[in-house]
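In: here's a sequence, model it:
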Amino acid sequence: MEPTDASGGQRPTAKGLFVPVHERGRVHLIRLFRTPLGTRTVVGFTSRARLATALGDDQACVELAEPILRELVEPLGVTRLIVDPYLVAAPVSTQTVPSAVADRRPLEVEPSLPGGRRPGGAG
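Out: Presented below is the predicted three-dimensional model:
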């Protein structure tokens with residue numbers, strides 16, 4: 001498993017990577033991700049700041065050497081390691097909804113029966 005950056009290019013081997021984990025009491029489970037095509041992937045960050053930028057300040061992490069990280073995930077069938085991925089979506093716009101959209105009212109539909117007849121015999 002060769003380390004790659006988010007664009008798939010080769011990266012030099014990092015000594016220690018900050019790896020996102022799920023905390024379950026005293027146990028830390030490595031957090032795995034999926035590519036858009038569903039391939040399971042492990043990620044590592046070269047700094048806590050990069051991890052926080054991608055996953056938020058409250059994301060728990062452990063620092064692992066790259067070879068150890070590989071050994072931990074290979075039995076799970078994970079063959080892809082990405083270093084310093086950009087995992088966040090573009091910021092959400094804080095603009096208000098345009099008035100043309102905000103002024104729309106729900107469409108009022110009159111009930112009808114098969115054949116275009118209206119309930120109650122009118123029609």
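In: helices of the protein, start to end?
Out: Applying DSSP state H to the chain gives helices spanning 48-55, 66-73, 99-102.
In: JSON lines for the ones you listed, including mean pLDDT?
Out: Shown next, in JSON lines, are those (pLDDT from 0 to 100):
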{"stretch": "helix 48-55", "mean pLDDT": "92"}
{"stretch": "helix 66-73", "mean pLDDT": "94"}
{"stretch": "helix 99-102", "mean pLDDT": "54"}
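In: quick one: closest of the ones you listed to residue 16.
Out: helix 66-73 (8.1 Å; CB to CB). Heads up, the C-betas are built off the backbone N, CA and C, glycines and all.
In: buried sites along that closest one?
Out: Using 16 or more other CB atoms under 10 Å as the test for burial, helix 66-73 gives 66, 69, 70, 73.
In: can I get it as PDB, trimmed to CA atoms?
Out: C-alpha atoms of helix 66-73 as PDB (Å, rounded to 0.1, in the frame of the first residue of the first chain):
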ATOM      1  CA  GLU A  66       3.000   4.800   8.700                       C
ATOM      2  CA  PRO A  67       4.200   1.100   8.800                       C
ATOM      3  CA  ILE A  68       2.200   0.500  12.000                       C
ATOM      4  CA  LEU A  69      -0.900   2.100  10.500                       C
ATOM      5  CA  ARG A  70      -0.600  -0.200   7.400                       C
ATOM      6  CA  GLU A  71      -0.200  -3.300   9.600                       C
ATOM      7  CA  LEU A  72      -3.300  -2.400  11.600                       C
ATOM      8  CA  VAL A  73      -5.600  -1.900   8.600                       C
END
